[in-house]
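Q: Build me a model:
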Amino acid sequence: MGGDVVSSVNKASSKANFNHKSLVFRVLYIATLVIALAFLAAAIILVIVYFTATAMTISYLESNPQSSPNEGSTSLPDGLRSTGEHLRAFITSGVNSGQATTSNAINIFKDLTSFFIIVNTY
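A: The predicted structure is shown next:
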């Protein structure tokens, strides 16, 4: 009879403990969700501001062409073409550098592996 009372007390205690843990996890989930949504909203606002500022800058440069101090005249298409060329050169050099680094790492690994195989064989 006494075992039943202890068992029911343990069940009630474990159920209350489970309910408390469940409540804590719900609060943590909601807090995390709110923070994630706040970051998402901030990112969306920043993207909108960025594209709006870019559009305003391009429209201003189209309506008021600026002259370069180094060259006679530079138009927006020339600037965009130059930007594309610089971007292409930057990406190409990055890819080539990455390939060289990868090749060097593979060769070093191959040489060290061969060395350890030879050392451990004898």
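
Q: C-alpha from now on. contacts and neighbour counts both.
A: OK.

Q: And the protein, what are its domain boundaries?
A: Annotated domains of the chain cover 1-64, 75-122 [automatic domain parsing].

Q: can I get these in TSV with mean neighbour count and mean pLDDT?
A: Shown next, in TSV, are the domains of the chain (neighbours: other CA atoms under 10 Å; pLDDT from 0 to 100):
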stretch	mean neighbour count	mean pLDDT
domain 1-64	12	84
domain 75-122	11	87
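
Q: In contact with L76: list those residues for me.
A: By CA atoms under 8 Å, 6 or more residues apart in numbering, the contact list for L76 reads L61, E62, P65.

Q: In helices only, show me the residues you listed.
A: Counted as lying in helices by DSSP state H, out of the contacts of L76, are L61, E62.

Q: how much space between the spatially most central residue of the chain and T54?
A: Centroid-nearest residue in the chain, with CA atoms, centre = their mean: A43, separated by 12.4 Å. Distance of A43 to T54, given as CA to CA, to the nearest Å: 16 Å.

Q: How about Q99?
A: 34 Å.
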